[in-house]
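Engineer: need the 3D shape of this:
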Amino acid sequence: MTDYGHELAFGLFPSPKADATPALLDLVTLAEGSGLDLISIQDHPYQAAHLDTWTLLSFLGARTSTISLAPNVASLPLRDPVILAKSAATLSLLTDGRVELGLGAGAFWDAIAAAGGPRRTPGEAVDALAEAIEVLRAFWRGGRVDHDGQHYRTKGLRAGPTPVGDIPIWLGAYKPRMLRLTGRLADAWVPSMGYADPPALPALNARIDEAALAAGRDPADIRRIYNIFGSFGRSADFLRGSAADWAEQLAQLAIGDGMSTFILGTDDPATLARFASEVAPATRELVAAHRAAGSASDPGDSDDPDD
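Structural biologist: Next up is the predicted model:
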């Protein structure tokens, strides 16, 4: 059982369909008005039916005031890290720091190549991602950025602007090399149901934790984010029952597997409203009660990762 003690957060993962823009904007308004913490948008620049992710995030940043914004995850082969760093820093300044950055090493290589991007082997994709993270963080620190890598090179780059505070970097990772990179460099890990269902999470988390420890990091430094999908009903299956069932299942993932941010993929306002008004507060209550009981039974144990 692993509970990293992170504060719980809840978000929305809507479809960025160009032909359903009014519904998308209404959904985002509902998400913020319902108290959700995060809006996260998939990034497939080669997908003709989708709006551009960064343009959409910028537009949403102007229409909102409290909710955080993140690509989930940016397609790195089609997003140069210098431009990506500047885009994220700019949006951070414009939204008073409401930006996080999900990164992906690349998928759908035929589509990426068709859009003019590189076709990378799995090893090359992981190496390029590691280089990109170095470039991004150097850019955000400001000053001169000199990076002489195999995939990215900057020489004498004057970086700026700097963002409002640190921009957390999430990595979408499933395979061993990507999981090790997550443990070594990332601020958060973001798997999705369908690619990593709940039974797979313990083993994947363990790989990240091992890599974090090998790099001299505390595994609790890495937030665990989960893209979830479900519907309300009467089934005993995962995220197919009542709001109370959802809350119990998500609380178990938080307590047992350390997942602390749950981003719901839906375009249905009714599902989103129940998630925000019923599931999120009930999950928080269950996890808080479990943590309080644990502290009461063993005062020497702290669930606070800063202790």
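
Engineer: name the helices or strands packed onto the helix ranked longest in the chain?
Structural biologist: Longest helix in the chain by number of residues (criterion: DSSP state H): helix 122-141. With contacts defined as 3 or more CB pairs under 8 Å, 6 or more residues apart in numbering; DSSP states H and E, the packing partners of helix 122-141 are helix 81-94, strand 101-104, strand 143-148, strand 153-159, strand 169-171, helix 176-185. Quick note: C-beta positions are derived from backbone N, CA and C, even for glycine.

Engineer: just for this protein, where's the confidence low?
Structural biologist: By pLDDT under 70, the weakly predicted segments of the chain are 296-307.

Engineer: switch to 80 and redo it
Structural biologist: For the chain, the stretches flagged by pLDDT under 80 are 1, 295-307.

Engineer: follow-up on the earlier one: to G123, which of the helices and strands packed on helix 122-141 lies closest?
Structural biologist: Among these, the nearest to G123 by CB to CB is helix 176-185 (7.2 Å).

Engineer: which strands and helices lie in contact with the very next helix or strand once past the closest one?
Structural biologist: Helices and strands here follow DSSP states H and E; after helix 176-185, the next one along the chain is strand 188-189. The contact analysis (3+ CB pairs under 8 Å, 6+ apart) places strand 188-189 against strand 169-171, strand 223-228.

Engineer: can I get the ones you listed in a markdown table with mean neighbour count?
Structural biologist: Formatted as a markdown table, the helices and strands packed on strand 188-189 follow (neighbours: other CB atoms under 10 Å):
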| stretch | mean neighbour count |
| --- | --- |
| strand 169-171 | 25 |
| strand 223-228 | 24 |
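
Engineer: which residue ranges of the stretch 201-307 of the chain form strands?
Structural biologist: Under the criterion DSSP state E, counting those that start in this stretch, the stretch 201-307 of the chain contains strands at 223-228, 261-264.

Engineer: with distance to L8 added, can I get these in CSV?
Structural biologist: CSV is the format used below for those (distance: least, CB to CB, whole Å):
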stretch, distance to L8
strand 223-228, 11
strand 261-264, 7
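
Engineer: first-to-last residue distance for stretch 260-276?
Structural biologist: Distance across stretch 260-276, first residue to last, is 15 Å (CA to CA, to the nearest Å).

Engineer: surely Q150 and A132 touch.
Structural biologist: No. Judged on CB atoms under 8 Å, Q150 makes no contact with A132 at a distance of 11.7 Å.

Engineer: tell me which of these two has more neighbours.
Structural biologist: Using other CB atoms under 10 Å as the criterion, Q150 and A132 rank with A132 on top: 26 against 9.

Engineer: OK, contacts around the closest residue to W109 other than its chain neighbours?
Structural biologist: Closest residue to W109 apart from its sequence neighbours, by CB to CB, 6 or more residues apart in numbering: R119 at 5.1 Å. By CB atoms under 8 Å, 6 or more residues apart in numbering, the contact set of R119 is W109, I112, A113.

Engineer: lovely, talk soon.
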